[in-house]
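Asks: here is the input, now give the coordinates:
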Amino acid sequence: MRHSAKQEIEVKLRVADAAAMRRRLRGMGARAVRRVHEMNTLFDTPQGTLRKRGRLLRLREERTQIGKRQTRYVLTFKGQVKRKWGRANSLAGSRRYESLTSVRPPARDERDMSYKSGGQAGKPVLRKPAESRRYKVREETEYIVGDPRAFWAVAGPAGLRPSFRYEKFRTSYSIPGASGVHVEFDETPAGVFLELEGPRRAIDRLARRLGYRPADYITRSYAALHFEECRRRGKRAGDMVFGGRKVMPG
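Replies: From the prediction side, this is the model:
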């Protein structure tokens, strides 16, 4: 079992024109270093205990799309997000959101998810929360596991079941002059986004180079963005998967 450990500071940026953004990245000398197809499954109790407490348990499957084909599995637990302006407002009881999907929507705390790939042999990650108004910072415990069937075997008896599934294609870029910032180009059923992770000032500098301002920063999770997009379209929301497919356990 492997793990990674660091405090994550991250923002999302909505991409209106994917082709134009790819051209802009190439013009900056950016190089695609990794591309994966992600299948993510969130787990909770039938009563939504984790969601109500602003926590999250996720099993992610990553299939490499560039170079040697590899598959790995990441099990992640996330704690509650802290905000400078006080306790986050929960959407757990929102009828407006519940009407969109049979899967209850995440609390506002749960919407601010974070993830960092990578890992070393050793102990689980413990990421302590930090207060931030503009960026997403959250406590996280993360494991890279060899066989996900071991988790599925204990999830049911432990009272956990899949509560929401989402997928995306993620391309990781290396950009000259932006060392220390992880740049991810995410293609999702809810739209295309850039994710920038790193020190706050480095994020701000790179965002400006890409044509964005702090007002453009998004800290909501893909689950929250999916619910919002379904509401905008007036459609019932289910799992956030391409073509309306259900992502079933392996």
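Asks: how about the strands of this structure, start to end?
Replies: Along the chain, counting by DSSP state E, strands occupy 2-3, 10-15, 31-44, 56-64, 71-78, 120-121, 140-145, 161-174, 182-188, 191-197.
Asks: in the fifth one, which residues are buried?
Replies: Taking 16 or more other Cβ atoms under 10 Å as the basis for neighbour counts, the residues of strand 71-78 that come out buried are 72-78. Using the backbone N, CA and C atoms, a C-beta is placed for each residue, glycine as well.
Asks: hey, which helix is longest across this structure?
Replies: Secondary structure of the chain read by DSSP state H shows that its longest helix is helix 222-233.
Asks: run the chain-centre distance for that one.
Replies: Put simply, helix 222-233 sits 14 Å off its chain's centre (Cα atoms, centre = their mean, to the nearest Å).
Asks: repeat for stretch 165-179
Replies: The chain centroid and the centroid of stretch 165-179 are separated by 12 Å, computed with Cα atoms, centre = their mean.
Asks: just the residues contacting that stretch, thanks.
Replies: With Cβ atoms under 8 Å, 6 or more residues apart in numbering as the test, stretch 165-179 has contacts from 25, 28-42, 65, 181-189, 202, 205-206, 209, 222-223, 226, 239-242, 246-247.
Asks: drop the exposed ones from the residues you listed and show what's left.
Replies: By neighbour count, with 16+ other Cβ under 10 Å, the contacts of stretch 165-179 hold 25, 28, 30, 32, 34-42, 181-189, 202, 205-206, 222-223, 226, 239-241, 247 as buried.
Asks: low-confidence ranges in the protein?
Replies: Where the chain drops to pLDDT under 70, the residues are 1-7, 81-133, 244-250.
Asks: neighbours around Asp204, how many?
Replies: Asp204: 18 surrounding residues under other Cβ atoms under 10 Å.
Asks: which non-adjacent residue is nearest it?
Replies: Leaving aside its sequence neighbours, Asp204 sits nearest to Pro214 (Cβ to Cβ, 6 or more residues apart in numbering; 6.8 Å).
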